[in-house]
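J.: need a structure here:
(chains A and B)
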Amino acid sequence: MTKTLRYLKPYGGTVAAGLILKFIGSVAELFLPLLLKTVIDDVADNPALTHDQKLKYTFALGGAMLLCALLALLGNVFANRLTVKSSGNMTHDLRYDLFKKTCYLSSEQVDGVGLPSLISRLTSDSYYVNQMVARTLRLGVRAPILIAGGLILAFTQDVILACVLLACIPLVGVTVFIITKKSIPLFFSVQRKQDDMVRRTQESVTGVRVIKALSKSEYEAEKFDGVVKELAATEFKANRIMSLSNPAATLILNLGLVVLIAVGALCSDSAGTVLEFLQFFVMILNAMIALTKIFVVISRGSASAARIEKILGMDVSEKTEVCPEGDKNFKVQFKGVNFSYNGAEDDLKDIGFALRAGQTLGILGGTGSGKSTVISLLMRFYDADSGQIFVDGKDVKSYPLGELRKKFGVVFQNDFLMAASVRENIDFGRGLTDEDIERAVDDAQAREFIDGLEGGLGFDLAQKANNLSGGQKQRILIARALAGNPEILILDDSSSALDYATDAAFRKALSKNYSSSTKVIVAQRISSVKHADLIIVLDDGKIIGAGTHEELLKSCGEYSLIYSTQMGAERGR
Amino acid sequence: MAVRRLNIHDNRSFEGRKVDKKFVLKRLFGYLKPYVPVLIAVFLANVAGTVSNLVGPWLCGLAIDEIKPDGSTNFAQIGIFAAILVALYVVSALLEYLSAVGMAYVSRGIVKKMRSDVFGKLSTLPVGFFDERQAGDIISVLSYDIDTVGESLANDVIIVLKSAVMIVGSLVMMLTIAPLLVLVFVVTVPLSAVITRFIVKRVQPLFRRRSAKLGELNGYVEEITSGQRTTRAYNCQEKVIADFEVKNSEAIDAYARAEYYGTLSGPFVNLVNNLSLTLVSVFGALLYMGAVGGLTPGQISSFVLYSRKFSGPINEIANIMGEFQSAIAAAERVFRLLEEKPEPADPENARALVNVRGEVEIEHLKFGYKKDKTVIRDFSLSVKSGEVVAIVGHTGAGKTTIINLLMRFYDPDGGTIKIDGQDVRELTRSSVRRAFTMVLQDTWLFAGTVYENIAYGNKDVTRSDVERVCKAARIHSFITKLPQGYDTVLNDNAVNISKGQKQLLTIARAMLLDSPMLILDEATSNVDTRTEQIIRQAMGELMKGRTCFVIAHRLSTVKNADKILVMRGGDVVEQGTHDSLMAKNGYYAELYYSQFETVK
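T.: Now for the predicted structure:
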């Protein structure tokens, strides 16, 4: 948590000013019962004063009380303003750093944390930290000040009575602590059960056709009722325990009050003192209740802070190495590359091929055969365990990452589009010229449909580009890859949603206008890679065939088998 | 820790007219009705608890008055007071606890019932309802909205009850002690009411904005983080970070504004409370001195305590009014969903479809998803038992519309569909649906074991039945290799099971049903060649001897089909056999050639 709290440091002045104001406000509030006591004991009940004097003093003290009340108001209002400011700014900075760090994490690091977890750290965890800091600054300071101040004042008034007060506080604290501690795990299990319920609902909504087709609605409702019952029971259990804390705290303090009166009767000689102590009791009771609420926020917030700190502590510095150079005649070259995601099973084994500038490579293979992994290594999202990968004769490890990736234009499998305009999605923050964008739109065969959109290139995509069809999305993605005039163009299974005529037109444009670009095309269908200069067939991370279409038909049994099933399937029996 | 997403709540689709409070309260009362006895008990416990709580300060005052500085203190009297006080406080704590538990019980019951009701409602709704809505939207009604209602019932109702009793009680007590001093509150109570109202009114839009901005920020984070590989591939981290910075700052600003104005009400109401304290002490002292009311210090002390008990609840009620508004809005969304029109009931004399041969007769069918947009104009088709009908066309051409109508997910606007010569409208929906088996492209599996997923709630199915269909679907050997075989639990992250294997599992499920007719989506995108071969064999097995409607993606299926429906722009534009359609040289021929060209 210390690392998170360090984010408060730049706002130390604001925090300090806020705390001082809060302190002043709280102390001013503490003076109120003191003044009240003076009015009754020392003025109204004082036989030494004349009636006029009494009146004068009463009004003077009343004025002082008013002043204290105003001071308390101003102190608290301005203190709140300052704490909101400092906690807001701190959250802003923390979130910014966290997001920035996330952007530069390596793929291994992202895999290690997991994407949903990374997102929830940026969203809910940063929210909980904010809540924790804001609440603690606002209430966590006031409550202890009120308790401490109340106690100090009490001790200056009457030591014995103050001791009664003092004795109650740890009792309340321990009771509330035990109750909270018991209920927190229950609330966690409530959360988990709630997740169950959400998942069940999600299932039923997405599977509505199947459920209706099989007339299983009642069965689904029964299953759901089971989940709901469990959730309700757990929730009730947690609430039942939590319901204890308020009555228990009130009871302890009220009993203390009775003890106080009894002790007061025995030891004190002034009714005013006892009266004043009643005020202290109420004040301290409220402060204690506020503290227990903060306790819950802090326990949740510190867990979130720990999750955030784990990401912030990750090393994202680029590791550029000096490596021996390769053959400059090749644009892309793999030499004996081995790689494993988890260090246990090999995902790529002894991969080697070479490609000259302007040539086309086709990578063919089934799901999980390692096609996309080849791309990931080429763009250095991961480092090979052994072997070398060269781009323009230089090992990819010797490039600064930015320089290496500038050479590429890529469409990944299931690539993503932002909720922004079509143009922004094609430009993608690279500041390309209008000509580049227009050309890319033409070549990606996206001209016709983009012109049909309201606002053309300025048309705003919805989240996940839900307002476009699959084929339209793919064409925008392809335009993005083409727009930068890449030295190396990578298309990972990225024309599957295009219809046949469009696909053919796109291929024609590709060979005509991007002859100098080196192309890597990943596919499952032979028809997509048939014309490549080199086709490699992957199976379980190994190259089981390499060559042109004609060569492979002769040399690679697997290839010709795939060819015959695919062609056969489409030509009829 | 469990992750709860903030602010995903989008209430657009369940927000019709403005909040109709009367309607909501009426329905809410319907849910409260069974708990009226509990509620009365809670209320009585509250009254009793509050009364004992109120008597406390009065007794304290009496006890304090017994403390005499001159040494004539009556200890016995004080002792009696103390004993009564202890008893009172214990009883009131107990009552407070019991009423809190009582309300938790009530809210649990209501939340449970509401959830079951909503879910039960969902199962009666037509498919169209789900086609028009996001799953997240429905989920947020079930979780977030119902939670809000439940929480408000458990906490707010009890606080309002308690506060009301407390306010009335302490007012009575103050009046009995010093009616004149009560005049102080004639000034301060309206003052705090005005202040709270003013602040709540100003703050509400700020909080709404704060939620919206946070939602925007979270949406952006989710979007960009999911696409982080692309961002890195194109080196545009800086641009993305700059965009984030704008959204981040906006969210923080909105947060700070809402929070700042929101926290104003505390100190201000505190001020009013302190103001009453000041006034009470000044006037109390004056009364004491003036001997008009003849107040003792003990009476003043009791009065002060009551005044605190009086102003506290007023403040709380003011705070709760805001929460109450959001609870009403949430309840409204729940009830609106419960009011949705269900699938029309089967006619009273509806027959069940039995011993199906699998003949389908469609006559002059007319249909549109929206009343003013007809997509199928006039479509007729006759299918004999065991025939294969291929449906072809581009994505979005309306192939699933035919299936929606066959399965009675939607009802046609005109024309008839007959199965075995019987109009489907005269048959029960469930028997018509059971006559078909569907294998769709989006494979649907739920969290449960492999066995449960295949048997799917059918109690008559034996283990050997399941194994038999899995063998036929060529997935048996894969299942046996799983860690727990057929008892392996399938969920989001446990077993790595590929798309193709999922498809095979749903084929196995379909085989188990053994319906006379089959609806099949051939598309097997993102599946590798070998798996595809297996799937094709499994599908072939499934099609044997059944009347089949196939959304065709392979020319072999199309060529061998008994009938081909060619869809374009939602309508059936051509139908016939492969040869007759090729001879016609129309849209089908065009489609066929364009496909053939890339293969060449």
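J.: CA atoms for contacts and neighbours, from now on please.
T.: OK.
J.: can you map out the helices along the stretch 51-200 of chain A?
T.: A:51-104, A:107-113, A:115-120, A:126-135, A:142-157, A:159-206 (DSSP state H, counting those that start in this stretch).
J.: can I get those helices in CSV with distance to chain B, mean neighbour count and mean pLDDT?
T.: Formatted as CSV, those follow (distance: least, CA to the nearest CA, whole Å; neighbours: other CA atoms under 10 Å in any protein chain shown; pLDDT from 0 to 100):
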stretch, distance to chain B, mean neighbour count, mean pLDDT
helix A:51-104, 5, 22, 90
helix A:107-113, 8, 14, 81
helix A:115-120, 6, 18, 74
helix A:126-135, 9, 22, 85
helix A:142-157, 12, 19, 82
helix A:159-206, 6, 18, 80
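J.: Compare those helices and give me the one nearest A:Asp442.
T.: helix A:51-104 (31.4 Å; CA to CA).
J.: Tell me where the stretch 351-500 of chain B has strands.
T.: B:360-367, B:376-383, B:388-392, B:414-419, B:422-423, B:436-439, B:448-449, B:489-490 (DSSP state E, counting those that start in this stretch).
J.: For the helix or strand encompassing B:Glu532, name the packing helices and strands.
T.: If you go by DSSP states H and E, B:Glu532 is part of helix B:529-543. Under the contact criterion of 3 or more CA pairs under 8 Å, 6 or more residues apart in numbering or on different chains; DSSP states H and E, helix B:529-543 touches helix A:557-571, helix B:499-513.
J.: on contacts alone, who are the packing partners of whichever strand or helix holds B:Gly79?
T.: If you go by DSSP H and E, B:Gly79 is part of helix B:75-124. Applying 3+ CA pairs under 8 Å, 6+ apart, we find helix B:75-124 packed against helix A:217-242, helix A:245-267, helix B:21-32, helix B:36-66, helix B:146-151, helix B:157-177, helix B:297-338.
J.: can I get these in a markdown table with distance to A:Phe506, mean pLDDT and mean neighbour count?
T.: Listed next are the helices and strands packed on helix B:75-124 as a markdown table, based on distance: least, CA to CA, whole Å; pLDDT from 0 to 100; neighbours: other CA atoms under 10 Å in any protein chain shown:
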| stretch | distance to A:Phe506 | mean pLDDT | mean neighbour count |
| --- | --- | --- | --- |
| helix A:217-242 | 47 | 87 | 19 |
| helix A:245-267 | 70 | 81 | 21 |
| helix B:21-32 | 57 | 86 | 14 |
| helix B:36-66 | 71 | 81 | 20 |
| helix B:146-151 | 51 | 82 | 22 |
| helix B:157-177 | 66 | 83 | 19 |
| helix B:297-338 | 47 | 77 | 21 |
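J.: right, so of those helices, which gets closest to B:Tyr97?
T.: Across these, closest to B:Tyr97 is helix A:245-267 (CA to CA), at 6.0 Å.
J.: related to what we said a few turns ago, between the helices of the stretch 51-200 of chain A, which gets nearest to B:Leu520?
T.: helix A:159-206 (18.1 Å).
J.: returning to what we had before: looking at the helices and strands packed on helix B:75-124, which is nearest to B:Tyr451?
T.: helix A:217-242 (16.1 Å).
J.: one step back: output the strands of the stretch 351-500 of chain B in TSV; the columns should cover distance to chain A.
T.: Output for the strands of the stretch 351-500 of chain B, formatted as TSV (distance: least, CA to the nearest CA, whole Å):
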stretch	distance to chain A
strand B:360-367	17
strand B:376-383	21
strand B:388-392	13
strand B:414-419	16
strand B:422-423	18
strand B:436-439	7
strand B:448-449	11
strand B:489-490	13
